[in-house]
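Enquirer: I would like to see how this sequence folds:
(4 chains)
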There are 4 protein chains.
Amino acid sequence: MSAKTIAVLTSGGDAPGMNAAIRAVVRSGITSGLRVMGVRRGYNGLLTGDVFEMNLRSVSDIIHRGGTMLYTARSPEFNTPEGVQKAADQCRRLGIDGVVVIGGDGSFRGARDLTGAGIPCIGIPGTIDNDIASSEYTIGFDTAMNTAVQMIDRLRDTTESHDRCSVVEVMGRRCGDLALQTGIAVGATTILVPEVPYDFQKDIIERMQFTQKTGKKHFIIIVAEGVGHVAELADSIEKQTRIETRATVLGHVQRGGSPTLRDRVVASEMGFHAVQLLSEGKSNRVVVMQKSEIIDLDITEALQMTRTFDVELYKIAHKISI
Amino acid sequence: MSAKTIAVLTSGGDAPGMNAAIRAVVRSGITSGLRVMGVRRGYNGLLTGDVFEMNLRSVSDIIHRGGTMLYTARSPEFNTPEGVQKAADQCRRLGIDGVVVIGGDGSFRGARDLTGAGIPCIGIPGTIDNDIASSEYTIGFDTAMNTAVQMIDRLRDTTESHDRCSVVEVMGRRCGDLALQTGIAVGATTILVPEVPYDFQKDIIERMQFTQKTGKKHFIIIVAEGVGHVAELADSIEKQTRIETRATVLGHVQRGGSPTLRDRVVASEMGFHAVQLLSEGKSNRVVVMQKSEIIDLDITEALQMTRTFDVELYKIAHKISI
Amino acid sequence: MSAKTIAVLTSGGDAPGMNAAIRAVVRSGITSGLRVMGVRRGYNGLLTGDVFEMNLRSVSDIIHRGGTMLYTARSPEFNTPEGVQKAADQCRRLGIDGVVVIGGDGSFRGARDLTGAGIPCIGIPGTIDNDIASSEYTIGFDTAMNTAVQMIDRLRDTTESHDRCSVVEVMGRRCGDLALQTGIAVGATTILVPEVPYDFQKDIIERMQFTQKTGKKHFIIIVAEGVGHVAELADSIEKQTRIETRATVLGHVQRGGSPTLRDRVVASEMGFHAVQLLSEGKSNRVVVMQKSEIIDLDITEALQMTRTFDVELYKIAHKISI
Amino acid sequence: MSAKTIAVLTSGGDAPGMNAAIRAVVRSGITSGLRVMGVRRGYNGLLTGDVFEMNLRSVSDIIHRGGTMLYTARSPEFNTPEGVQKAADQCRRLGIDGVVVIGGDGSFRGARDLTGAGIPCIGIPGTIDNDIASSEYTIGFDTAMNTAVQMIDRLRDTTESHDRCSVVEVMGRRCGDLALQTGIAVGATTILVPEVPYDFQKDIIERMQFTQKTGKKHFIIIVAEGVGHVAELADSIEKQTRIETRATVLGHVQRGGSPTLRDRVVASEMGFHAVQLLSEGKSNRVVVMQKSEIIDLDITEALQMTRTFDVELYKIAHKISI
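Expert: Down below sits the predicted model:
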């Protein structure tokens, strides 16, 4: 068989490090003798044929850039059997023999379906939420956490100068990992995550009052997006403690920015690994990190795994932030 | 007369660079032969006698820290004639012959009143809002703007990756300077400030549509806090343009963080200048920047000045962000 | 006359903010009805005809990028009368009616010569050194200083943890502005600049020993590139004081990075102003900042001005860093 | 037995995250019913009795600070059998029943010896070099790498604007991990580490020339401190390739700065784990990370392990940076 052609796309929410993954796919692909096509705006680009050939220089000077040079978008059309079929037909028409999909679980379901329609796909976990059960790490997570920490470090200055309490909402709809790690890193008095129910009186007010007795005058409470209601929380805290309390929603700022070293390196390894899988004729695999190593799993199996929240770390967090 | 004693306090909202100003006051004071007292939590500390003597090392390793090492707070009691009298009495009791007040216009009114009660005061403009008519620059402004810009640069990544519009609220209740400068620096399609009325259709929608025709797919709209309503704005924009639009409120994060060089240097110069004034027996003066130079004005006169918004720069902003 | 065509180039050392200036030139030019050409690699691009037409979108998403999208280089050929003539001929051949040159004094001499050869030129001061006598501010200066300060803040941590002295060389061959401002901002015990001779014993050793007596255990000495010899200085300091002393040369890192707000805003204003001058038929002007305002001067006169070092600020620096 | 007393010290080179580890030791200790003493300047503080009791608030607002609040220093006296004996006697005199030592292999040898002299010790790996064989991660490594990456990202701007080559020395005397990870993250054309011999012609010149043919015009070469000679390398590269080449030594800047999230979190976990070991009566253990988990090993055995360099990752690095 002559030179194979592979394509790469980013899908779902963007995450810092996606460009490093794209770069690794393109470079590993080309240096392995493959042709590599870039697909714009996720599965939409497959449907509309918004695809272009990439060379070694197409991915120059992007490793340090946030966002994704291939753009990303949701694709309602692709989420139908007809859409999947149309995308597979387009791939055949364009001579695409395999696709690397960088995104989250939703994107992986697409990759599984497209594989089912005859186009071998490989998934790479790229989402700032770290909410993929099969992988202990997802590209973008480290950058998003560090961005949140840097913003909260700034909040700390003004919180401390005014003897206030700051209630801060960080990203994480169903997954409390970002809140937990961020909460430890900023020394939050309390961390609220979707995975662990909380008792307002015991977990917030009493902890604040205990540390107040030891001389603490300013407080940070971290709340995952999935718990939410930071404005109401702030009101309740101010009423009960009489400590001036302000709510802040960090929001989409956490999604952007130049990726940290970790996101660049993990993305590079995962991109390299994905191309190797396609080169070896593998398909319907997702590249994951487990126990610090980059391995791969069957996508279908990976999608059935369930996340476990690190309750042990959650307890440590509250033990040392006192 | 034997060695004079001066005090320094920070009042009103905290601002990055206040520590550099405190440091300059303490060091200039001591090297000029004065005794320098630190007052905690603004005018409250004067009322309660929360005052301590500072030495050269009290202000070591604070020049790069955000917030204020002397803390700050509002003081309703001081805002009464009795409060001012009590504070003046405390100063006399503590042997304080002069006070340097770092803060905004509200703090300067306090300084004027305290001077009136017999304690010579000097004001230093410290507020991230740049809303002091008498000075073209206030300590903390540069840091707050750069923080806002860095956050919006992050937003830009995700805004661009998704072909979205971001509507971003930055600080500035009555003063649009921070919004204007930040808006220029991030290349905002439109900047809304309290000083200039806007036409939703003409200033936002039409500008977006014009640039869209030239190929632009993502947009940033900067809105000063005093204009507000970013969620509603985002909704209206999305409805009219069908471009996915998100609102973000940067909030108190803009108040904190290690001060920029400019804030450290200007604060150092102003702190030095304030002590010189007290040493020369001057009183009821505010240290300001005018045409790049550090000079001083009568506080009472300074408080009567009115701000002028830089309409020329506002026009340039919209001319080049297209 | 039909639509005029102008060109823009960056010359000499690159500086953060140059992209913002290019963007302002391109956008102001096009919205004023001009055609705008980009010239690559300074005057070389004029000589070789490495020139391309720019549109509103050519400068999208560059305002926050360090370096220069037009590249820069020295041009020995242009530095001859024949070179200037050839460049002028190229301009005429390409239909270029005016050139905006972003760079330092060397670049301005080129602009003056090219004007002399019949091509109206306007200069914009872009150099991290702030070494242009006619302007109190040059594009890139603020970013370079803040980069230096952030690096030295990091050095401070390790210097403090080990009770050491750090001798740090910052940029500035003939001009001590960057060293002076940076030295104030990091609280340097001593600042050495090319403009002020120093006495090793009195200005370094005695100052260190004085502050040591007040309890200070770690020290930062800032040295401008033009003074140099930081390794030898560090050795001498360690020998005399027995304080462990390390030398660091910050180097070219100071040249890069995303520009600060100030550099973006000043560059935008200057770029706008430069196009206005060309539109009004002016020529051989340099856009400068004086007393916080953007004005313009005759290039030839500007090149004859001599810099004055801010000795007053230098004295303040040493008075408060004790 | 009544309440046990433990001590904590930092030794060897400082590393960002040491404060987070100290904080975790102090807080976990106190909330577990222990008394916790801080020891200043490593083993010196034990010898001289420079020891103070810490409470919950002693470690407030330090988690985000670089350096070590307990200072650090080498201790030639402690490196003798008599020194160890004297330190053990001091511990007994001060009622110290266990010591947590945060540092590198040298510090762990001290901990082993002090345990031998009757004072149970626990080691925590804190060094930016990641050069501890028994642990896949050391506190400070992530911050140092990210600092290096941010500095090199800045260098990239100027390197690209001038079509240059930058040869950059990063930390790592015997261990190439920091150079390898940093090199991947910045997309270095070649990475030189002490663990892998290199061929100047084949590994540098030919790689540069190959990518030059694909259109690349600027280059970054990363060199570990243990390989060194960056100035000579730069000269040789410029001579052979005629590409302007500059050498930069990042130096001690890499040691400082606010720790990244990862360093804060890992340090918190390790500090917590160390106190648990002492509480359980364990001794002569070092807390390490293996396969992403925090476990503990016998110090003596840990010191005999040998590091393995990740040759696989090294190959990937060069495969995708082309």
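Enquirer: Using the three-state scheme, assign the residue of chain A found nearest chain C.
Expert: Going by C-beta to the nearest C-beta, chain C is nearest to A:Ser258 of chain A, at 8.8 Å. (C-beta placed from N, C-alpha, C; glycine too.) Using DSSP: H, G, I helix; E, B strand; the rest coil, the three-state assignment for A:Ser258 comes out as coil.
Enquirer: Get me the contact residues on the stretch 151-300 of chain A for chain B.
Expert: Proximity of the stretch 151-300 of chain A to chain B, by C-beta under 8 Å from any C-beta of the partner chain, involves residues A:151-163, A:166, A:246, A:248-257.
Enquirer: mind listing which of the residues you listed are in helices?
Expert: Applying DSSP state H to those, the entries found in helices are A:Met151, A:Ile152, A:Asp153, A:Arg154, A:Leu155, A:Arg156, A:Asp157, A:Thr158, A:Thr159, A:Glu160, A:Ser161.
Enquirer: Strands of the stretch 1-150 of chain A, start to end?
Expert: If DSSP state E, counting those that start in this stretch is used as the criterion, the strands of the stretch 1-150 of chain A fall at A:5-10, A:35-39, A:51-54, A:98-103, A:121-125.
Enquirer: Pick the most buried one from those.
Expert: strand A:121-125 (a mean of 31; mean count of other C-beta atoms under 10 Å in any protein chain shown).
Enquirer: That one relative to strand A:98-103, how many degrees between them?
Expert: Interaxial angle of strand A:121-125 relative to strand A:98-103 (axes from the mean of the first three to the mean of the last three C-alpha atoms, to 10 degrees): 20 degrees.
Enquirer: Please name the strands paired to strand A:121-125 in the sheet, noting orientation.
Expert: Applying DSSP bridges to the sheet, strand A:121-125 is found paired with strand A:98-103 (parallel), strand A:285-290 (parallel).
Enquirer: Alpha carbons of that strand, as PDB, please.
Expert: Provided in PDB are the C-alpha atoms of strand A:121-125 (Å, rounded to 0.1, in the frame of the first residue of the first chain):
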ATOM      1  CA  CYS A 121     -10.300   6.700  14.800                       C
ATOM      2  CA  ILE A 122      -8.000   7.300  17.800                       C
ATOM      3  CA  GLY A 123      -9.000   9.600  20.700                       C
ATOM      4  CA  ILE A 124      -6.800  11.900  22.700                       C
ATOM      5  CA  PRO A 125      -8.200  13.400  25.900                       C
END
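Enquirer: Enumerate every residue touching A:Gly83.
Expert: A:Tyr43, A:Leu47, A:Ser75, A:Glu77 (C-beta atoms under 8 Å, 6 or more residues apart in numbering or on different chains).
Enquirer: per-residue pLDDT, it?
Expert: Model confidence at A:Gly83, given as pLDDT, is 97.
Enquirer: separation between it and A:Gly38?
Expert: Computed as C-beta to C-beta, to the nearest Å, the A:Gly83 to A:Gly38 distance reads 20 Å.
Enquirer: just A:Arg112 next, same as before
Expert: Note on A:Arg112: its distance to A:Gly38, by C-beta to C-beta, is 22 Å.
Enquirer: Just the buried residues from the contacts of A:Gly83, in ChimeraX please.
Expert: Remark: buried members of these, expressed as a ChimeraX selection using 16 or more other C-beta atoms under 10 Å in any protein chain shown:
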select /A:43,47,75
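Enquirer: Turn the contacts of A:Gly83 into JSON lines, including pLDDT and distance to chain D.
Expert: Below are the contacts of A:Gly83 laid out as JSON lines (pLDDT from 0 to 100; distance: C-beta to the nearest C-beta, whole Å):
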{"residue": "A:Tyr43", "pLDDT": "98", "distance to chain D": "25"}
{"residue": "A:Leu47", "pLDDT": "97", "distance to chain D": "29"}
{"residue": "A:Ser75", "pLDDT": "93", "distance to chain D": "28"}
{"residue": "A:Glu77", "pLDDT": "96", "distance to chain D": "33"}
